[in-house]
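Undergrad: structure here, sequence nowhere to be found:
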């Protein structure tokens, strides 16, 4: 258990396994240092425009046992400033830059006081999440440019790639500095698909929020819908029936299955082994059809709803056996090809200390020896006996491949167990059973999506509408690890390295 | 020396070879893609699809990079023209003295090289990072595969006392056992590796990838569009046909026409088409089971080809 005696703030219970306390900006670094020192991770930082004042919310989590601690820092609206936590936590430095762009909350003494979300053509001093910023302003040529740090020396040349790529992939700009074929430095510039999702959700009703949550990153419909629904239920103090929790577990694993299978095929395709890609796509199609029968939507939309979950049918034992058999054939095909394994091994290694320092989560973290898995740390359903997170320590593309392989096996076993425990295929609490929403506490939802942990934090207004939704996709935390893993990698291996991370642009850019 | 063949017959052979290479190139690509798709459990586009693509590209507007000079549009022309010259002089369908002494293997190799260099210059001319990157990779691979090819040719020339292709072929036909000698088999493997490398196939290059950063040949031609791209594509497929036909003639020469006359020519045509198609199918099937080598492993593969070629020469010299 965490010792919080030294914490310069009084905590009160506010929601599901969650405590919150309010403190002034000066006390924040000490409180954060205490919590981080107790092994908690900074899961989310959210800016708030409360009208007359502003506020920054820091969510720290750890588990098991599932523990969530929120620090609320009220800020002066005319000059909102927070002391930077960049020296304590790398993710904090990125959250702070995001908050500075969107809310104008300045992180004092930040080591990289540059823009993150807003590109240089947005005028200085315009912060879209502040209430007075309604209409987007005219774009300017260069209001806050952040030039690439040049790399110079004999034989160094630059390769700019993107944001528009060949093939159907999302937009991101990558700048490589290369000697021969070896990458000296790579800088990724994202937020080309920043859509203003968090602002879009403000003032909307909860049902609309679900529609958006399912579409934040199209391949993580269940992960985001689940985190969103949990957050809303936490804020409304709704207790979801056990059957619904089991159904949610089933849907979460189904999403993991089809995405991991697709990734395994795509990894093989990126090293020119098209045969495995063809097999994987065929298996993925089978899984999508199963998804369609289970929820009525091939990407599993509509299964998780606020207050519960509903499906049309469950995957049968025969379904799971058939998928498992075909999957083992696919794995055998890939792993028996020495060329494929040789390409994976040693490519883009992210060692454990870097991964830990950067706050990497999900598949990428578990391939670098970080054991964190929200299914264990923040469980919403009893896992099968003996479920433990898949762990590999290589940190290279091979380890990330193997984590996916082993997670598919674990998901199939988990599905076999969960599907036996469902009594009711339509398990949603009736609207009358909902508690009185406490709009001052908000709610937090944490779900282990297939990429990694997805976190939503929701605050409701008096009318029960969404006042503020903060979304953290695992891609936001994992993107900075990609350039680090590229040290000593050669240019033609970058696409493989990138695919082995397979991060979402839409989920990151929001 | 045997008397020359009638001029009409020589002209007919050259014309057939040129037409065959022009049409056969795209069809060979179509066939290879079809085989790949079928082996992966997919239907795949029709075999004539590359021809339709060429027609589509040829009708498009000519778009060229703003800063490119005259080298850029010239490169595809050089690529196609050098391959056409090979199609005229090389004994693809018929091997007779009619071809005179121009059908020299070294001449053929350097004509191919001329096309590669032209394409690399065209890529550099665009001034883009990808053009330079592709050209640098292609020249690295070319610099390693050319010596292997030349030494392999030397191994074939030693017993025939000539590097003239028809002479080598005719000697092979009259001494069938010679085809199974160690130097032949060693040279065959070296030749095959070079063909794969030169034509940008797996495991050296992946012609179907969309990942710009992994490309070799495709990175060089990224800036080509419309009719220019049609020429680049056509040239690439023609080179593969020429390489495979030469390979077939040198190592499996049976069926090639050794006397003038419509009958001989017909047999030669059928035999060459069948051999090239069979080689193409085999290459496509091989590719399905292959993954792409890490770029820094490619030199090891080509060094292996070079060593095999050197061993072939040694074998040819010590075991006459």
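TA: Thanks, I have it. Worth saying up front: this structure is predicted, and the values here are computed from it rather than measured.

Undergrad: OK, contacts around whichever residue of the stretch 51-200 of chain B sits closest to chain A?
TA: With CB to the nearest CB, the shortest gap between the stretch 51-200 of chain B and chain A falls at residue B:129, namely 4.3 Å. Yep, even glycine has a C-beta here, placed from its N, CA and C like the rest. Listed by CB atoms under 8 Å, 6 or more residues apart in numbering or on different chains, the contact set of residue B:129 reads A:157-160.

Undergrad: please apply the same query to residue B:78.
TA: Counted by CB under 8 Å, 6+ apart, residue B:78 has contacts B:114-115, B:118-119.

Undergrad: can you sort out which of the contacts of residue B:129 also neighbour chain B?
TA: Subset of the contacts of residue B:129 in contact with chain B: A:157-160, counting by CB under 8 Å from any CB of the partner chain.

Undergrad: and residue 80, how many neighbours?
TA: Here I'm looking at chain A. For residue A:80, the count of nearby residues is 24 (other CB atoms under 10 Å in any protein chain shown).

Undergrad: let's do chain B instead
TA: Neighbours of residue B:80 under the rule other CB under 10 Å: 22.

Undergrad: show me which residues of the helix or strand it falls within are buried.
TA: In this structure, residue B:80 sits in helix B:71-89 according to DSSP states H and E. Neighbour counts using 16 or more other CB atoms under 10 Å in any protein chain shown place B:72-73, B:75-76, B:78-89 of helix B:71-89 among the buried residues.

Undergrad: with stretch B:123-142 instead?
TA: B:123-126, B:128-142.

Undergrad: got it, and stretch A:8-17?
TA: Neighbour-count burial for stretch A:8-17 [16+ other CB under 10 Å]: A:9, A:14-17.

Undergrad: residues from the stretch 401-510 of chain A in reach of chain B?
TA: So the stretch 401-510 of chain A meets chain B at A:490-496 (CB under 8 Å from any CB).

Undergrad: can you flag the buried ones in the residues you listed?
TA: A:490-496.

Undergrad: where does the chain have its least confident helix or strand?
TA: Just going to use chain A. strand A:426-428 (a mean of 80; mean pLDDT, DSSP states H and E).

Undergrad: you answered for a different chain; I wanted chain B.
TA: Least-confident helix or strand in chain B using mean pLDDT, DSSP H and E: helix B:165-174, a mean of 84.

Undergrad: per-residue confidence at residue 216?
TA: Since no chain was named, I'll use chain A. On pLDDT, residue A:216 comes in at 94.

Undergrad: not quite, go with chain B.
TA: For residue B:216, the pLDDT comes out at 86.

Undergrad: pLDDT on stretch A:147-166, on average?
TA: 82.

Undergrad: hmm, who's touching it?
TA: Contacts of stretch A:147-166 (CB under 8 Å, 6+ apart): A:171-180, A:184-185, A:187, A:189, A:192, A:491, B:129-130, B:132-133, B:210-213.

Undergrad: flag the shaky bits of the chain, pLDDT-wise.
TA: You didn't say which chain, so I picked chain A. Scanning chain A for pLDDT under 70 picks out the ranges A:1-5, A:143-146, A:431-440.

Undergrad: wrong one, chain B
TA: Using pLDDT under 70, chain B drops low at B:1-4, B:96-101, B:320.

Undergrad: now the residue in the stretch 401-510 of chain A that chain B sits nearest to: which helix or strand?
TA: Of all residues in the stretch 401-510 of chain A, residue A:495 sits closest to chain B, at 3.9 Å by CB to the nearest CB. Using DSSP H and E, residue A:495 maps to helix A:494-501.

Undergrad: and residue A:163, by the same measure?
TA: Using DSSP H and E, no helix or strand contains residue A:163.

Undergrad: ok, and the closest non-adjacent residue to it?
TA: With sequence-adjacent residues excluded and distances taken as CB to CB, 6 or more residues apart in numbering or on different chains, residue A:163 is closest to residue A:171, at 3.9 Å.
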